[in-house]
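Asker: Sequence first, then the predicted structure, then my questions.
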Amino acid sequence: MTQPLSGIRVLEFANFIAGPFCTMLLGDMGADVIKIEPPDTGDMSRASPPFVDGESATFEALNRNKRSLALDLKRPEAREVVHRLVKESDVLLENFRPGVMAKMGFGADEMRAINPRLVYTSVSGFGQTGPHRHRTAVNLIIEAASGSLSVTGEPNEIPMRPGLQTGDVLGALFATYSVLSALVGAARTGEGRVADVSLVEASISAAMLETAEYFATGQAPRALGRRHRIAAPYELFETADNRYVAIGCPNNRVFERIMQTLDRTEHLSDPRFATYASRKINEDAISGIVKEAVRQWNAEDLESRLCEAGVPCSIVRDYEQVFENPQIKVREVLVEVPGRDGGKVKAVRNPVLYDQGSPSIRMLPPRIGEDSEQILGELGFDANEIEAMAASGITRLGNRDGGKRLEKAVNA
C-alpha cells in the first residue's frame with residue numbers, strides 16, 4: 001500500500017537528535033529523505049557511543065529510511081547541487097545555528113526563490129530571533145532554559161535530569177507537526193512556508209500543567225519528586241519485594257477501587273479524601289496510607305489486582321523488561337531487520353499503525369555518502385562530473401557495496 005508521504009522529498013541539513021529524528025519520522029511515512037553530510041565526518045552523531053561493528057548505535061537509531069549525500073557545503077561548487085535538489089524537493093529541514101544556512105547561501109529566502117512551494121523548517125535551541133538566538137544549545141541546556149529541570153527531582157534538592165532526551169524529542173515532534181501542517185497548506189495553496197521551531201519553546205509549550213499553575217497562582221511551580229501536580233494519590237510506591245509500582249488516581253471512582261483493592265475502605269468516608277481537590281490538599285495523609293498498604297504486596301500480585309479493578313498502574317520496568325512485556329511483544333514494537341552482514345539488526349518500530357500503508361523500515365541507516373552517486377546522477381550530473389567532484393573533495397561516494405535497502409519493507 002502507498003504510504004502517506006510517498007512522493008514527498010525532504011532535504012535534511014542536520015546533526016544529532018532533533019533534526020534527524022524529525023526527518024526519520026517523515027521517512028518512516030514514505031518520504032524520500034536525502035541527508036546532506038560533510039564528506040569527512042558526516043553527521044556528528046556518527047562519533048557517538050556505543051558502537052556496534054564500528055557503527056554508532058546512536059546514529060543508527062536516528063537515521064533509517066534516508067539516503068546520504070556527502071557534500072562540502074563550504075565549497076562554491078556545492079551550490080549548484082543544492083539548487084538542483086531544492087527545485088525538486090518539498091521540504092528542507094535544518095538545525096544549524098541561526099544564520100549559518102544564510103551565510104552559506106542556503107537561507108530561506110534564497111531557497112524559496114528557487115522553489116516557492118518549498119516548506120523550509122529551521123530547528124534551533126532558542127529560535128531564529130531574540131537576544132539568545134546565537135547561543136549553543138544541547139538537550140541539558142534546553143531543559144534548564146525551558147523550566148523543565150526546575151520541576152524535576154525531589155523538592156529542595158538539585159534538579160534531576162529526565163531519563164529521556166526531552167528537549168530534543170519534544171522539539172523534533174513539533175518540527176514534524178510544523179512540516180506536515182505546512183505540506184497540507186502547500187498542497188491547497190501552492191505556496192510553501194518558512195517555519196521557525198525553537199527547542200526551548202517546544203518544552204515550554206509541553207509544560208501545560210506547570211504554566212497553568214504559574215498563570216493561575218503567580219507562583220513558580222516547584223519539583224514534586226514522584227508526585228503529580230494536581231492529582232493524589234498519583235506516585236510511585238515500594239512493594240514488599242523491593243520493586244516500585246506506579247499508581248494513578250484521576251477521579252473519585254478510581255480512588256474507591258484503590259481503597260477496595262488495598263483493603264482500606266474505612267478511608268472512603270474520610271472527608272479529607274472525598275474529592276479530587278481535597279485529596280491533593282491532604283496528599284501527605286493519603287500517600288502515607290497507600291504507602292503502608294502497598295508494602296504488604298508483591299509487585300506482580302498488586303499490579304494484577306489493580307488492573308482487574310480498573311486502576312491505572314504499572315510496575316516500573318527497565319528496558320529489558322519492557323521488551324519482554326507480552327503487550328509489547330504482541331504489538332511487535334521490537335522488530336528485526338536484515339543487516340548488511342546478513343545478520344539481524346534490532347529496531348523500535350514507528351508507534352503509528354494505519355489500516356493500510358503503515359510506517360515501515362525500508363532502508364538501513366546510510367554510510368557517509370552511500371547514495372551520493374545515485375542522487376547526483378538523478379540530478380543530471382554525468383559520471384565524469386561525479387568522479388571529478390569526488391576527486392576534488394566536494395562529495396564522497398561512500399561504500400558502493402550496496403546492501404542498505406531491504407528486499408521487503410519491515411513494518412515499523
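Answerer: All right, it came through fine.
Asker: looking at this, I34 is in a helix?
Answerer: No: according to DSSP: H, G, I helix; E, B strand; the rest coil, I34 belongs to no helix; its state is strand.
Asker: So V10 belongs to a strand, correct?
Answerer: Yes: the assignment for V10 by three-state DSSP puts it in a strand.
Asker: Which residues are in contact with it?
Answerer: V10 makes contact with 23, 26-27, 31-34, 89-93, 179 under the criterion CB atoms under 8 Å, 6 or more residues apart in numbering. The C-beta positions use only the backbone N, C-alpha and C, and glycine is treated the same way.
Asker: One more: E157?
Answerer: Here E157 is in contact with A223 (CB under 8 Å, 6+ apart).
Asker: okay, it: pLDDT?
Answerer: E157 is assigned 97 on the pLDDT scale.
Asker: Helix or strand: which one has it?
Answerer: Taking DSSP states H and E as the definition, E157 sits outside all helices and strands.
Asker: Let me see the mean pLDDT of stretch 8-21.
Answerer: Stretch 8-21 comes out at a mean pLDDT of 98.
Asker: quick check, distance from that stretch to the centre of its chain.
Answerer: 12 Å (CA atoms, centre = their mean, to the nearest Å).
Asker: List the buried residues of that stretch.
Answerer: Buried residues in stretch 8-21, counted by 16 or more other CB atoms under 10 Å: 8-21.
Asker: Check the residues you listed and tell me the two furthest apart.
Answerer: I8 and F16 (23.3 Å; CB to CB).
Asker: Would you tell me which helix is longest in this structure?
Answerer: Looking across the chain with DSSP state H, the single longest helix is helix 166-189.
Asker: Which elements pack onto the helix or strand following that helix?
Answerer: For helix 166-189, the following helix or strand on the C-terminal side (DSSP H and E) is strand 194-198. Applying 3 or more CB pairs under 8 Å, 6 or more residues apart in numbering; DSSP states H and E, we find strand 194-198 packed against strand 119-124, helix 166-189.
Asker: Quick one: closest of the ones you listed to H132.
Answerer: strand 119-124 (10.0 Å).
Asker: Need the residues that contact the closest one.
Answerer: 14, 18-19, 22, 90-98, 101, 108, 111-112, 128, 133, 137, 171-172, 175, 178-179, 182-183, 186, 192-199.
Asker: Stretch 259-267 too?
Answerer: By CB under 8 Å, 6+ apart, the list of residues contacting stretch 259-267 reads 268, 273, 286, 289-290, 293-294, 305-306, 309, 311.
Asker: Just say which of the helices and strands packed on strand 194-198 is most tucked in.
Answerer: Comparing the helices and strands packed on strand 194-198 by mean neighbour count (mean count of other CB atoms under 10 Å), strand 119-124 ranks first with a mean of 26.
Asker: Count the neighbours of S392 for me.
Answerer: 11 (other CB atoms under 10 Å).
Asker: Next, the contact list for it, please.
Answerer: E77.
Asker: Tabulate the helices and strands packed on strand 194-198 in TSV, adding columns for distance to S148 and mean pLDDT.
Answerer: Supplementary listing: the helices and strands packed on strand 194-198 in TSV, determined by distance: least, CB to CB, whole Å; pLDDT from 0 to 100:
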stretch	distance to S148	mean pLDDT
strand 119-124	17	98
helix 166-189	6	98
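Asker: Okay then, goodbye and thanks.
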